[in-house]
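Enquirer: My questions are about this predicted structure, shown below with the sequence.
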Amino acid sequence: MTNKNLNDIQPDNLCAIYGIGKVTEQLLNQSLGIYSYQDLMVRSADEIAAELKASGGSTSINKVEEWRMKAREFANSQGRDDLMVARIEDKEPESASASQNWNTLAKFVVEFQSYREENGVEQRRTMCQQHEAEEKEFWPGIDCIQPCQWMQKLIENSLKPIQQESHSIRKRSAESTISATESLPAEPQNAKPLSVKVDITHVRAFQLSVNELPQAVANAGGIFSGIVSSDQPVSFEVSFQISGSDVEDMSKSHPLYNTEVYAYNRTTSEKKHLTAAKPGYLEQGKLSYKMILPESVLSSGNYRLEYFTRLEGEHPAEGHLAVPFLRVA
């Protein structure tokens with residue numbers, strides 16, 4: 001691999017290529033010295049896929065070939081002065097406090113394109129592509145209104161099943177809690193409920209048949225950084241913490257805790273209960289826990305995952321973490 005002087009490099013936005021995220025872009029930069037579309041298109045797909053796997057990433061040779069084809073298309077377009085590309089990046093508002101966690105609901109790419117025919121007549125069009133679903137639409141001329149309406153419609157359609165599934169999950173959770181506590185003696189009316197909070201802090205996805213390192217990691221409020229292979233079983237490691245003024249009193253009874261996962265396929269709209277962990281017991285004085293969930297298999301697509309960790313017993317509590325995006329290739 002040839003070392004480059006960073007001062008001489010004119011890097012391209014490799015994340016503009018579908019399937020390349022920030023983590024993969026960094027691996028391409030640091031492990032392969034790929035900073036531009038030109039760099040990407042001239043390297044072999046076998047070499048790139050092998051180096052990414054060795055560096056902790058994972059993607060197929062066919063997917064890398066798609067990257068190289070798109071890089072060639074972008075590199076060719078850079079020579080035309082009449083191509084204007086406007087990329088919409090979702091940024092956290094500067095005024096937002098550090099305690100706010102913003103989830104990405106959807107990401108779009110907008111391009112304003114032009115083409116000059118042999119007779120000198122210039123044609124223009126506007127293209128908008130949804131990053132997660134690879135859906136795209138074209139409009140004649142330079143148009144800002146119709147793309148915005150199209151994006152809003154796609155976002156609203158994608159949110160409907162998510163909201164319905166979240167409501168269904170919460171309903172099942174409430175019914176489960178009621179069923180688990182029906183046999184318990186009623187508390188005195190003047191009893192004060194214990195103050196205990198459950199926070200799921202992060203989730204890691206492992207595919208040990210591919211790599212001992214996690215294939216993807218998601219922190220609270222973020223998306224998965226990494227890609228999971230569709231042809232290999234995946235196991236999730238869920239980390240959570242308990243807090244509150246009554247944690248010590250609650251842990252004395254060593255209540256059960258458990259974690260389960262629901263998956264929503266953003267591509268097919270399929271919803272299902274993915275997997276659940278074997279219950280464990282809280283330990284007195286211990287505040288941080290990890291649970292390894294049984295392996296499951298996900299088909300290719302883009303997913304939203306919902307994680308629920310529950311404390312059972314006389315004073316149940318629940319932690320919830322929604323990870324809006326996981327890429328399975």
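Expert: Cool, got the structure. Numbering: from 1, shown residues only.

Enquirer: Any idea how far apart the tips of stretch 229-246 sit?
Expert: Terminal residues of stretch 229-246 lie 42 Å apart, using Cα to Cα, to the nearest Å.

Enquirer: buried stuff in it?
Expert: 229, 232, 234-240, 242 (16 or more other Cβ atoms under 10 Å). The C-beta positions use only the backbone N, C-alpha and C, and glycine is treated the same way.

Enquirer: can you check stretch 19-31 too?
Expert: Using 16+ other Cβ under 10 Å as the test for burial, stretch 19-31 gives 19-21, 23-25, 27-29, 31.

Enquirer: Output the buried residues of stretch 229-246 in CSV; the columns should cover secondary structure, distance to E283 and pLDDT.
Expert: Converted to CSV, those look like this (DSSP: H, G, I helix; E, B strand; the rest coil; distance: Cβ to Cβ, whole Å; pLDDT from 0 to 100):
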residue, secondary structure, distance to E283, pLDDT
S229, coil, 35, 90
Q232, coil, 33, 88
V234, strand, 28, 94
S235, strand, 23, 93
F236, strand, 22, 95
E237, strand, 18, 94
V238, strand, 17, 95
S239, strand, 15, 94
F240, strand, 14, 94
I242, strand, 11, 91
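
Enquirer: picking up where we left off before, which members of the buried residues of stretch 19-31 occur in helices, if any?
Expert: Cross-referencing the buried residues of stretch 19-31 against helices under DSSP state H gives 23-25, 27-29, 31.

Enquirer: ok, V109 to M250 distance?
Expert: V109 is 49 Å from M250, where distance means Cβ to Cβ, to the nearest Å.

Enquirer: Equivalent analysis for N211, please.
Expert: Distance of N211 to M250, given as Cβ to Cβ: 38 Å.

Enquirer: got the contact list for A205?
Expert: Contact analysis of A205 by Cβ atoms under 8 Å, 6 or more residues apart in numbering lists 214-217, 224, 226, 228, 234-237, 326.

Enquirer: got those residues as CSV, with distance to M69 columns?
Expert: Below are the contacts of A205 laid out as CSV (distance: Cβ to Cβ, whole Å):
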residue, distance to M69
P214, 29
Q215, 25
A216, 25
V217, 29
F224, 25
G226, 23
V228, 23
V234, 28
S235, 34
F236, 33
E237, 36
L326, 25
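
Enquirer: nearest to Q146, of those?
Expert: Nearest to Q146, judged by Cβ to Cβ, of these is L326 at 30.6 Å.

Enquirer: For that closest one, give me the pLDDT.
Expert: pLDDT for L326: 89.

Enquirer: Repeat that for Q207.
Expert: Here, the pLDDT recorded for Q207 equals 92.

Enquirer: Then the one 10 residues further on?
Expert: According to the per-residue confidence, V217 scores 91 in pLDDT.

Enquirer: which stretches of the chain have low pLDDT?
Expert: Residues of the chain meeting the criterion pLDDT under 70: 1-10, 58, 77-105, 131-134, 158-194.

Enquirer: Which residue ranges of it form strands?
Expert: All strands of the chain, identified by DSSP state E, fall at 84-87, 108-116, 122-130, 135-140, 197-207, 211-219, 225-228, 235-243, 256-265, 271-276, 280-281, 288-292, 301-311, 317-328.

Enquirer: got those as a markdown table, with distance to D46 columns?
Expert: Output for the strands of the chain, formatted as a markdown table (distance: least, Cβ to Cβ, whole Å):
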| stretch | distance to D46 |
| --- | --- |
| strand 84-87 | 30 |
| strand 108-116 | 28 |
| strand 122-130 | 28 |
| strand 135-140 | 29 |
| strand 197-207 | 21 |
| strand 211-219 | 18 |
| strand 225-228 | 18 |
| strand 235-243 | 28 |
| strand 256-265 | 30 |
| strand 271-276 | 33 |
| strand 280-281 | 44 |
| strand 288-292 | 34 |
| strand 301-311 | 26 |
| strand 317-328 | 22 |
